[in-house]
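>>> Could you work out the structure for the sequence below:
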Amino acid sequence: MGIYFGTDGLRGIYGEEVTPSIAFKCGNSLSRYCENKKVVIGKDPRVTGDILALSMANGLMQNGVDVIDVGMVTTPAVAFLTRSLGCDFGVVISASHNPPVYNGIKIFDSQGYKISEETENSIERKFMFPVSVPYYKVGRYKFRPNLLQKYLQNVTESIDDLKGLKIVIDCGNGAASKMAKEVFKNLNASVVMANFKTDGLSINDNCGALYPEGMARLVKKEGADLGLSFDGDADRIIACDENGRLLDGDDILFILANFYKSTNNFVVGTSLSNKGFENALVKKGITLLRADVGDKYVIEIMKNKNILLGGEPSGHIIVKTYSTTGDGLLTGLLLANTIKKSGKPISKLVTYKKYPQININVPVIDKYRILNSDKLSGEILNLQQVFKNKGRVLVRASGTESKVRIMCEHINKSLALRSAVTLENIVKEINEKMMR
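Now for the predicted structure:
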């Protein structure tokens, strides 16, 4: 992991970790890896998106790269357009699920996959050494928002008519706000929209995939068959059934794994995927492979082992037949399609119980130093021996924030909670000593 890039691109508070100057440097550095001299750029509706997108484009064009700006689109739309347009890279200006004050840069390679850490580190090393071409070789800029239709056609071409389904959609005031209703209504679903502003100031503000409770209440109020909530760039999704029960990434993967079980006997999850979910897959003859936390690590295993389906509990769901990255809109369409084809309510498609899982995030000043503490390591080892095969303990550094993330999962919820709090107190104690 580099200085600027984290587990999911370059991200931070605008004006501090993320600035127009950094966007320019990133674009100029990226230009040196372009063979076809063509890059597509898209963004979510954040108010800082325009200045960062134009700064990124400026850096690219200064070294002779043409830029295709597709405007406000979802992250998976950029990944699709990158490969369909024959571009060297695709760039998304977005901070995903973070608040409006944040922004960031995600980069996809020519095949629509997120670039590797090695490529990120190589790009970073060139930040301080900008290059340029003579005036007659500079890149050109084209604004082509109509290209979004190519992506929408791709995600809907395998979906049946959804007539008879009523669906609540919470767009998180993000990138899917202008396209979600159109897509589902064109397939004849009845749609109830929530949080579809594009002012850029209310993105992820108590709505969307991080706050799906409002969507769940609306599903019950409207008597809907399904609820879908996206994050700011719509690369992740949290759903709910007709009773308002929330469905996370594990639940969604379970539904889709059953639907696609004739073509694949493997699913890729992460170290956070629930043990109850894993056990339920085994009963269906499906093996769960675990990746590190981060959808690009999930995709790496899927690519290497040619696995169709993977994702994270947070809602990044990848169906490799259709997409090269997490795609909330596509996943929502597949869920609706599954209800239609099965003839069952979605509550009947999730037939397993999760192990109770406690997650605690602790803000710290030096997450890696804390993780290397002998006291913390000793307690983790002790809990692993106590839990044995009835639970799991995971303590890791956040890839996007200065936090230590604690997860304790056990068939006994009280034990999981006590264990997580014990680890939390140890982390806080170590952090306080470091601050003295």
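>>> How about stretch 190-200, which residues are buried there?
By 16 or more other C-beta atoms under 10 Å, the buried positions in stretch 190-200 come out as 190-197, 200. Heads up, the C-betas are built off the backbone N, CA and C, glycines and all.
>>> same deal with stretch 124-139?
Here stretch 124-139 shows 124, 126-127, 138-139 as buried, counting by 16+ other C-beta under 10 Å.
>>> what's the span of it, first residue to last?
22 Å (C-alpha to C-alpha, to the nearest Å).
>>> thinking again about what came up before, out of the buried residues of stretch 190-200, list just those in strands.
190-194 (DSSP state E).
>>> can you give me the helices for the protein?
20-31, 49-62, 75-84, 117-125, 148-156, 180-186, 213-222, 249-259, 275-283, 295-305, 328-342, 367-371, 374-387, 413-435 (DSSP state H).
>>> Pick the most deeply packed of those helices.
Highest mean neighbour count of the helices of the chain: helix 75-84, a mean of 26 (counted as mean count of other C-beta atoms under 10 Å).
>>> Can you check what angle separates that helix from helix 148-156?
Angle between the axes of helix 75-84 and helix 148-156 is 100 degrees (criterion: axes from the mean of the first three to the mean of the last three C-alpha atoms, to 10 degrees).
>>> Rounded mean pLDDT for helix 75-84, please.
If you average the pLDDT over helix 75-84, you get 98.
>>> re the thing from before, can you tell me which two in the ones in strands among the buried residues of stretch 190-200 are farthest apart?
By the measure C-beta to C-beta, Ser190 and Ala194 form the most distant pair in those, at 14.2 Å.
>>> Now do the contacts for Val395.
Val395 makes contact with 371, 376, 380, 404-407, 423, 427 under the criterion C-beta atoms under 8 Å, 6 or more residues apart in numbering.
>>> and which of these is nearest to Leu349?
Met407 (26.0 Å).
>>> Which positions are bridged to that closest one in the beta structure?
Per DSSP bridges, the residues bridged to Met407 are Asn359, Leu394.
>>> Return the residues in contact with it.
Here Met407 is in contact with 272, 357-359, 392-395, 420 (criterion: C-beta under 8 Å, 6+ apart).
>>> What separation do you get for Thr321 and Met435?
Look at Thr321 and Met435: by C-beta to C-beta, to the nearest Å, they are 50 Å apart.
>>> Kindly report the same for Ala79.
Separation of Ala79 from Met435 (C-beta to C-beta): 41 Å.
>>> So the chain: which segments form each domain?
5-148, 158-348, 357-435 (automatic domain parsing).
>>> could you give me the average pLDDT of the shortest one?
Computed over domain 357-435, the mean pLDDT rounds to 93.
>>> And it, end to end?
30 Å.
>>> Same check on the second one?
Length of domain 158-348, first residue to last, C-alpha to C-alpha: 23 Å.
>>> partner residues bridging Asp69?
Ile41, Phe143.
>>> counting contacts, what elements does the least confident helix or strand in the chain by mean pLDDT pack onto?
Least confident element among the helices and strands of the chain, by mean pLDDT, DSSP states H and E: strand 5-6 (a mean of 76). Judged by 3 or more C-beta pairs under 8 Å, 6 or more residues apart in numbering; DSSP states H and E, the packing partners of strand 5-6 are helix 117-125.
>>> Look at the nearest residue to Glu35 once chain neighbours are set aside and say how many residues are nearby.
Counting by C-beta to C-beta, 6 or more residues apart in numbering, Asp88 is the residue found nearest to Glu35 once chain neighbours are left out, at 6.0 Å. Asp88 has 20 neighbours, counted by other C-beta atoms under 10 Å.
>>> on that earlier part again, may I see the helices of the chain arranged in CSV, with distance to Ala95 as well?
Converted to CSV, these look like this (distance: least, C-beta to C-beta, whole Å):
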stretch, distance to Ala95
helix 20-31, 13
helix 49-62, 10
helix 75-84, 11
helix 117-125, 17
helix 148-156, 21
helix 180-186, 20
helix 213-222, 21
helix 249-259, 20
helix 275-283, 28
helix 295-305, 15
helix 328-342, 16
helix 367-371, 20
helix 374-387, 30
helix 413-435, 25
